[in-house]
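> pasted the sequence and its predicted model underneath.
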Amino acid sequence: MDNRIIIFIPSIEVGGVEKNLFIISNYLKKKGLNVEILTCNYEKKKFFAKNIKILGSKSIFFQKRSRKIKYFISLIYLIFELLFDKKKTLVFAFQANMYSVIICKLLNKKIIIRSNSSPSGWSKNVIKKKIYGFLMRLADDVMVNSIDFKKEIKRKFSTNSECIYNPLDKSILKINNKKKIFDASSLKILNIGRLTDQKDHLTLLKAAKLIDKKLRPEIIIIGRGVNYNFLDEYIKKNNLGDFVKLHGFHQNAFKFIKDTNILVLTSKFEGLPNVLIEGQLFKKYIISTNCPTGPKEILMNGKCGDLINIGDYKKLAELINTFYKRKKIIHKKINKGTDNIDRFDYKRNCEKYYNFISRNF
């Protein structure tokens, strides 16, 4: 096959973007596309189908470097891949979108981009916003993962995009979780996300101070990141250590979701947070900030869970404190989420990815 698609993702980390990357890449390969991955994280090869070629640096040295260094190294590899390329190649950028667009346009190659998180989190600089908008319009096609996201891209950058939801792999329901994660008698509260400013774990910790201890709250935070030491120190200073635990990263966090009562998201901005969709699949009560973009869409404007304002730790604590009193209302919200989970169907959305890519060759 002369046509090939290079999926450009210099830094494969841990999160929703990566989950989608593995699902989509393997699906596209199964559909007969010549898929290649350009990254600095060669060690992630095990998550891809065996017949998917991994391009880029295989050095362990770069695997442990910062995202900026990985971007730089991978962009150099991309230049050389395209410079001597005689095939009909399509680049699909998952990261470093604007740099990828510049390179592809200079080398006369087609490029489509997937924007992962709401512009509200990174487009506040006026000059950066104008440059980003100009380069985004140079891309051959743009994809986003929520309807609100699509509207933001149009409003802020005058760019049309296609919305394709994250494909949900329902096989995660089959996980075997005989060992309970939480104490059986506790009110089990879970947060999953990288320990960064974007995820705003401080809102959850402030709420933790206001939770009624008679409820026997047990809060587990799954993730790793640059804010670990800060959050750990906050927990110690505020005497929260008896019921708040930083659990680090877990490759398979579904067992935690399966065993929790309340799933909490406190982000300042998102794209379409996978963890909320997974929470719905496991029939869990969800409390999320109404951040741009995704949570309101997933929770159907509060019909499938509860939405709070960004940083509103008092409202978060109030919703947690009244959990048992609102059992009937919560049960209805959970059922509403389950009834509408097919929006994120694996095959339906993977097929949309396939069609999106096929039309750009």
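Thanks, I have the structure now. Small disclaimer: the values here were computed from a predicted structure and weren't measured.
> which residue ranges of the protein form strands?
3-8, 35-38, 53-55, 88-93, 110-114, 141-144, 162-163, 187-192, 217-222, 244-248, 262-265, 285-289, 306-308 (DSSP state E).
> and the second one, which strands flank it?
If I follow you right, that is strand 35-38. Strand 35-38 pairs in its sheet with strand 3-8 (parallel), strand 53-55 (parallel), by DSSP bridges.
> same check on the shortest one?
Strands adjacent to strand 162-163 in the sheet, as given by DSSP bridges, are strand 141-144 (parallel).
> now find how far off-centre the strand it pairs with is within its chain.
16 Å (Cα atoms, centre = their mean, to the nearest Å).
> next, format the strands of the chain as TSV and append distance to Ile153, mean pLDDT and mean neighbour count.
Bear in mind the C-beta positions are built from the backbone N, C-alpha and C, glycine included. Shown next, in TSV, are the strands of the chain (distance: least, Cβ to Cβ, whole Å; pLDDT from 0 to 100; neighbours: other Cβ atoms under 10 Å):
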stretch	distance to Ile153	mean pLDDT	mean neighbour count
strand 3-8	19	94	22
strand 35-38	24	97	23
strand 53-55	28	96	16
strand 88-93	15	95	22
strand 110-114	11	96	24
strand 141-144	6	96	22
strand 162-163	10	96	16
strand 187-192	26	97	25
strand 217-222	30	97	22
strand 244-248	34	95	17
strand 262-265	22	98	26
strand 285-289	21	98	25
strand 306-308	22	98	22
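> for this structure, name the helix or strand with the lowest mean pLDDT.
Scoring the helices and strands of the chain by mean pLDDT, DSSP states H and E places helix 126-138 at the bottom, with a mean of 89.
> in terms of secondary structure, what does that one contact?
In terms of contacts (3 or more Cβ pairs under 8 Å, 6 or more residues apart in numbering; DSSP states H and E), helix 126-138 is packed against helix 97-106, helix 147-157.
> right, so these: which one is the most enclosed?
helix 97-106 (a mean of 20; mean count of other Cβ atoms under 10 Å).
> can you list contacts of that one?
Defining contact as Cβ atoms under 8 Å, 6 or more residues apart in numbering, one finds that helix 97-106 is touched by 8, 71, 75, 78-79, 82, 91, 93, 110-111, 113-115, 131-132, 135-136, 138-139.
> now do that helix against strand 110-114, angle only.
With axes from the mean of the first three to the mean of the last three Cα atoms, to 10 degrees applied, the angle from helix 97-106 to strand 110-114 works out at 170 degrees.
> and helix 97-106, average pLDDT?
Helix 97-106 shows a mean pLDDT of 96 in the predicted model.
> got CSV for the strands paired with strand 35-38, with distance to Ser358 too?
Shown next, in CSV, are the strands paired with strand 35-38 (distance: least, Cβ to Cβ, whole Å):
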stretch, distance to Ser358
strand 3-8, 10
strand 53-55, 20
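> for Asp148, find the nearest of those strands.
Nearest to Asp148 among the strands paired with strand 35-38 is strand 3-8 (25.2 Å), distances taken as Cβ to Cβ.
> now do stretch 163-175: distance to the chain's middle.
Its chain's C-alpha centre and that of stretch 163-175 lie 13 Å apart, by Cα atoms, centre = their mean.
> repeat for stretch 6-17
10 Å.
> please save the CA atoms from that stretch in PDB.
Extracted as PDB, the C-alpha positions of stretch 6-17 are listed here (Å, rounded to 0.1, in the frame of the first residue of the first chain):
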ATOM      1  CA  ILE A   6       1.900   8.900  10.300                       C
ATOM      2  CA  ILE A   7       0.300   9.500  13.700                       C
ATOM      3  CA  PHE A   8       2.400  12.200  15.300                       C
ATOM      4  CA  ILE A   9       2.500  12.100  19.100                       C
ATOM      5  CA  PRO A  10       6.000  12.900  20.500                       C
ATOM      6  CA  SER A  11       5.200  12.200  24.100                       C
ATOM      7  CA  ILE A  12       3.000   9.300  25.000                       C
ATOM      8  CA  GLU A  13       2.000   9.800  28.600                       C
ATOM      9  CA  VAL A  14      -0.900   8.500  30.700                       C
ATOM     10  CA  GLY A  15      -4.400   9.800  30.200                       C
ATOM     11  CA  GLY A  16      -7.400  10.100  28.000                       C
ATOM     12  CA  VAL A  17      -5.400  11.200  24.900                       C
END
